[in-house]
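K.L.:
Can you look at this prediction? I've put the sequence above it.
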Amino acid sequence: MKFISLVSIFIFSVLFGFGQLTTELKKKQENLTNIRLLLKKIEKKSDKSVKKLNIINSEIEQSKDYLKSISEQISVYEKQIATNEKSIYKLKNINTQIKNEYENLIFFAYKTRNSRNKSTYIFASENFEQAYSRFKYLIFLTDYLKQMSIDYKKSSDSIAVLNSFLSKQKSELINLHSEQKIEFKSLAQSKTNQKKVLKKLNAQKSLLQSEIQREEKNADILRRAVAKEIADEQAKQKAKKNTSDKKSKNQTKNESENKKSQGKISKNNPDLTNNIKKWDTKILNNFEKNKGKLIYPIEGEISGYYGNHQHAVLKNVTVKNDGIDITATGNLNVHAVYDGTISKIIQIPGANKAVIIRHDNYFSVYSNLVSVSVTENQQVKQNQTIGKVFSEKGNPEKSVINFQIWKQNAKQNPTEWLKK
C-alpha cells in the first residue's frame, strides 16, 4: 500500500533530521564545556580581570544559545512524537483492516483448499465465459492473498519501528528536560560570578584605564607595522611586475627580430607576467575558498571579538580590536592557519613578538608570541608551528594570542574565516 511505503521514507527522513540536530547540540555542548574548563583554570590561578569577565560573558552567551537549542529540539521532539502517534494510530487501523481481510481470505482458501473444490467451483459455471472468469478470479485470489500477507507484515513492522522510535524520542525528551534544568542552574551561577568579577573590577577603574592605554598603544604599533609590511609587499610586487613587463617586452622584441630574420612573424609571445598572475590567482582562490574552514592558530577559546565594543566594565569607553583574542587552554604552540610565506617578524616593546604570514593578497597576523620558530621569507604549511604564545607563570589567563587577517590593507573579521 502507498501509505505503508511512505512510512519507510518518513522514518529515514526523521532519523536524518534528528541526527543533524543532535550533532549541532553536541558541538555546542562541547564548546560550552571547553570554556568552562578554561574558567576553572583561571579561577584557581588568577586574579579578577577584564579577560576573565570577557570569558564569563562568552560563557553566558554560549549557555543561552545552548539552552535555546535545547528548547528548539524539545519542541521538535514533541511535535514529532505527536506526528508519530497519529501515524501509529493510522497504521493500526490499516493493520486491523488487513488482518480482517486476511483472515477471511484464509478461511475461504481453507474451504477451497483441494483441487476438487476448485474444479467444482469452475465447472458449476453456467457457461464457458463464466468458467473462465472464475478461473481468473481464483488465480487473482491466490496472488492477492500473498500480497495481503506481505502488506500485513509491512504494516506490523512499521508499527514496531515507529513504536521503538517513539520510545527513544520520549527517552531523549526526558533527558533534554533534565539537561535544561541543570543548564539553567549553571547559567544562574555564571551570572552570579559575572556580578562578583564586575564588582571587583569597578574598584580598579584607574588600573583598567592604564591597561586600555597600554593595549591601544601596542595595537597601534602592530597596526602600523602590518600596514607598512603590506605596503612594502605591494611595492615589491609592483617592482617585480615592472621588471617582468620590461623583460617580457625585451624578450618579445628579441623574438620578433629573430623571427623576422628567419622570415617568420609571430603574433603570440610568452608572457611571464600572465604566468605569475595565474599562479597568484590560484593561491588567492585557494585561500578564499577556505573561508570558514581555517584551523584555529592555537587551542583555546575566543575571549575578545573583532571590531569596536563597549568596554566590559568602564561606561562610555570603546575598545577596538583589529582581530580576535584567543585564550589558550592546552598546547601553547601557535600554528599557521594556512600555507604561506613568513613576511615579517616584529618585536613589540612590552608586548612580545608578532609574526606576519603572506598568503598572496592576504596576510595573517599572530601577536604576543614569546618565541618564534620560523624565519623571514620561509615557506610554511598549514598547521606548522611558528612559535609559542607568551604565558605568565602560573597564570593561564595571560596566555592570549591576538590573531588578525588582512586582505591587502583591509582588515577582516577572523571569526568568519575560522572553522566553526
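P.N.:
Happy to help now that I have it.
K.L.:
Helix, strand, or coil at the residue of the chain positioned farthest from its centre?
P.N.:
Ranking residues of the chain by C-alpha distance from their mean position (C-alpha atoms, centre = their mean) puts residue 126 at the top, at 76.3 Å. Secondary structure of residue 126, reduced to three states by DSSP: H, G, I helix; E, B strand; the rest coil: coil.
K.L.:
which residues of the chain fall in helices?
P.N.:
Secondary structure of the chain (DSSP state H): helices located at 2-45, 50-111, 115-123, 128-202, 205-261, 272-289.
K.L.:
How much space separates residue 157 from residue 317?
P.N.:
For residue 157, the distance to residue 317 (C-beta to C-beta, to the nearest Å) stands at 67 Å. To be clear about C-beta, it is placed using only N, CA and C from the backbone, and glycine gets the same treatment.
K.L.:
Please read the previous query as pertaining to residue 101.
P.N.:
Distance from residue 101 to residue 317, by C-beta to C-beta: 80 Å.
K.L.:
Neighbours of residue 30, how many?
P.N.:
9 (other C-beta atoms under 10 Å).
K.L.:
measure it to residue 66 for me?
P.N.:
Distance of residue 30 to residue 66, computed by C-beta to C-beta: 10 Å.
K.L.:
What of residue 189?
P.N.:
14 Å.
K.L.:
got it, and residue 373?
P.N.:
Distance from residue 373 to residue 66, by C-beta to C-beta: 37 Å.
K.L.:
again, but for residue 346
P.N.:
Taking C-beta to C-beta, one finds residue 346 at 39 Å from residue 66.
K.L.:
burial of residue 360, as a residue count?
P.N.:
21.
K.L.:
per-residue confidence for it?
P.N.:
Residue 360 is assigned 83 on the pLDDT scale.
K.L.:
doesn't residue 287 make contact with it?
P.N.:
Yes: with contacts counted by C-beta atoms under 8 Å, residue 360 reaches residue 287, the gap being 6.7 Å.
K.L.:
coming back round to it: out of residue 373 and residue 66, which sits in the busier spot?
P.N.:
More crowded of residue 373 and residue 66, by other C-beta under 10 Å: residue 66, with 20 against 15.
K.L.:
Wait, that one touches residue 28, no?
P.N.:
Yes: if you go by C-beta under 8 Å, residue 66 and residue 28 touch, sitting 4.8 Å apart.
K.L.:
ok, residue 103 to residue 184 distance?
P.N.:
54 Å.
K.L.:
same check, this time on residue 224
P.N.:
Using C-beta to C-beta, residue 224 is found at 47 Å from residue 184.
K.L.:
The two: who's more crowded?
P.N.:
Between residue 224 and residue 184, residue 184 has the larger neighbour count (other C-beta under 10 Å), namely 13 against 10.
K.L.:
tell me the contacts of that one?
P.N.:
residue 67 (C-beta atoms under 8 Å, 6 or more residues apart in numbering).
K.L.:
quick check: domain ranges of this structure?
P.N.:
2-202, 208-416 (automatic domain parsing).
K.L.:
ok, residue 328 touching residue 390?
P.N.:
No: the criterion here is C-beta under 8 Å, and residue 328 misses it with residue 390 at 9.8 Å.
K.L.:
who has more neighbours, those two?
P.N.:
residue 328 (25 against 19).
K.L.:
Please name the spatially closest residue to that one (chain neighbours excluded).
P.N.:
Distance criterion C-beta to C-beta, 6 or more residues apart in numbering; nearest residue to residue 328, sequence neighbours excluded, is residue 399 at 3.8 Å.
K.L.:
how near is residue 336 to residue 296?
P.N.:
11 Å.
K.L.:
Over to residue 194?
P.N.:
Counting by C-beta to C-beta - residue 194 and residue 296 are separated by 25 Å.
K.L.:
which residues touch residue 286?
P.N.:
So residue 286 contacts residue 339 (C-beta under 8 Å, 6+ apart).
K.L.:
which strand of this protein spans the most residues?
P.N.:
strand 362-372 (DSSP state E).
K.L.:
What are the buried residues along that strand?
P.N.:
Neighbour-count burial for strand 362-372 flags 362, 363, 364, 365, 366, 367, 368, 369, 372 (criterion: 16 or more other C-beta atoms under 10 Å).
K.L.:
partner strands of it, parallel or antiparallel?
P.N.:
Note on strand 362-372: by DSSP bridges, its sheet partners are strand 353-359 (antiparallel), strand 385-389 (antiparallel), strand 400-407 (antiparallel).
K.L.:
Nearest approach to residue 89 belongs to which of those strands?
P.N.:
strand 400-407 (56.1 Å; C-beta to C-beta).
K.L.:
tell me the angle of that closest one relative to helix 50-111?
P.N.:
80 degrees (axes from the mean of the first three to the mean of the last three C-alpha atoms, to 10 degrees).
K.L.:
Going forward, count from 16.
P.N.:
Happy to do that; since the first residue is 16 now, the last one works out to strand 415-422.
K.L.:
What's the mean pLDDT across strand 415-422?
P.N.:
Strand 415-422 comes out at a mean pLDDT of 92.
K.L.:
same deal with stretch 173-190?
P.N.:
74.
K.L.:
which of the residues in that stretch are buried?
P.N.:
Neighbour-count burial for stretch 173-190, counted by 16+ other C-beta under 10 Å, picks out 173, 174, 177, 180, 181, 184, 187, 188.
K.L.:
So the first one versus residue 93, what's the distance?
P.N.:
For residue 173, the distance to residue 93 (C-beta to C-beta) stands at 22 Å.
K.L.:
can you check residue 46 too?
P.N.:
Applying C-beta to C-beta to residue 46 and residue 93 gives a distance of 26 Å.
K.L.:
higher neighbour count, the two?
P.N.:
residue 46 (17 against 13).
K.L.:
I'd say that one and residue 77 touch.
P.N.:
Yes: counting by C-beta under 8 Å, residue 46 does reach residue 77; the two are 6.0 Å apart.
K.L.:
Residue 333: what's it in contact with?
P.N.:
Per C-beta under 8 Å, 6+ apart, neighbours of residue 333: 323, 324, 325, 326.
K.L.:
How many residues are close by the last one?
P.N.:
It stands for residue 326. 14.
K.L.:
Please name the nearest non-neighbouring residue to it.
P.N.:
Leaving aside its sequence neighbours, residue 326 sits nearest to residue 332 (C-beta to C-beta, 6+ apart; 4.1 Å).
K.L.:
Could you pull up the residues touching residue 337?
P.N.:
234, 237, 238, 321, 417, 419, 426.
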